[in-house]
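Enquirer: Sequence and predicted model, in that order:
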Amino acid sequence: MTAVTRMLALGRAELILLGRNRLALYTALLMPPLMVWAMRSSIGGIDGLDLGEAGMSVDETAMTAGFGFVLLFVVHQNLVSAYVARREELVLKRLRCGEARDPEILAGTALPAVLISVAQCALLAVAGVTWLGVGAPARPDLVSAGLILGIVVCAALAAVTSAWARSVESAQLVTLPLFLVSLMGSGMVVPLELLPGPVASACELLPLSPAVALLRGGWLGGMGAHEAGGHVLAALAWTGVAVFAVNRWFRWEPRR
């Protein structure tokens, strides 16, 4: 077997296990659209929030934020639970005794979440154009770059975060910090252009901020090559940090 066939086999097995876990499956499939609907219904009523100053509408903000919700729920939260469950069941330890290398095991486990996130983003894009009427993406290349980099960053951070969880139940708690920080400070709800200068500069350094900026700038347009390059480099830097942390702290055996 080649590395690709081994990862596909692991991904198929993980997809079967995901289908048997109704709670994880419902969270991955239903939470992102529900969050988009809730955000669209409530964001217009926030006092003092004028999205027009950022050149955006409520529908455009809700739709582009939906990509961020997919990254957080489908990729990060789902993968943390998967890595913890496989670790505590000694699945990861047994896999290391076979032909698969460590990166293949991690990538194969993440494969179903990656495929589901891509499919959900595609559905959100279609819904945004046909239902919300936000228009087609101005720069599909930036949208693709933001989605790919966001998936890679969230998957790597999920592997790191799983080291802090002692059980599948506690895995839901350790994902909250990244969710809350990204929700409030990565431009998903409030565009960074509306924040004070120092606060916006600090929020640009958060893990998901570059991916959200690329997704939003690619969809709505107006992002120059220099600005896009800066976001790409920031996302790559976070990827490097996360990969280093995985190599250093990821746990392959149960925490007992």
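Expert: Cool, got the structure. Numbering: from 1, shown residues only.
Enquirer: just how off-centre is stretch 167-181 within its chain?
Expert: 14 Å (Cα atoms, centre = their mean, to the nearest Å).
Enquirer: typo on my end, stretch 195-207
Expert: 19 Å.
Enquirer: Now do the strands in the protein.
Expert: Listed in chain order, the chain contains no strands at all (DSSP state E).
Enquirer: where exactly do the helices run in it?
Expert: 3-20, 22-42, 58-70, 78-88, 91-95, 102-127, 140-161, 168-174, 176-185, 197-203, 209-220, 225-249 (DSSP state H).
Enquirer: Pull out the buried positions in the longest one.
Expert: Residues of helix 102-127 classed as buried under the neighbour-count rule (16 or more other Cβ atoms under 10 Å) are 104-114, 116-117, 120-121, 124-125. For every residue, glycine as well, the C-beta is placed using N, CA and C.
Enquirer: Likewise for the shortest one?
Expert: Along helix 91-95, these residues count as buried under the neighbour rule (16+ other Cβ under 10 Å): 91-92, 95.
Enquirer: roughly how far apart are the residue nearest to the spatial centre of the chain and Ala237?
Expert: Nearest to the mean C-alpha position of the chain, counting by Cα atoms, centre = their mean, stands Leu71 at 2.0 Å. Leu71 sits 17 Å away from Ala237, going by Cβ to Cβ, to the nearest Å.
Enquirer: show me where pLDDT drops low in the stretch 151-256 of the chain?
Expert: Along the stretch 151-256 of the chain, the model assigns pLDDT under 70 to residues 256.
Enquirer: try 90
Expert: Scanning the stretch 151-256 of the chain for pLDDT under 90 picks out 166-173, 183-201, 216-225, 253-256.
Enquirer: got the contact list for stretch 161-178?
Expert: Here stretch 161-178 makes contact (Cβ atoms under 8 Å, 6 or more residues apart in numbering) with 72, 76-77, 79-81, 83-85, 87-88, 157, 207-208, 249-251, 255.
Enquirer: Please repeat the previous calculation with a cut-off of 6 Å.
Expert: Residues outside stretch 161-178 that contact it (Cβ atoms under 6 Å, 6 or more residues apart in numbering) are 77, 80-81, 83-85, 249-251, 255.
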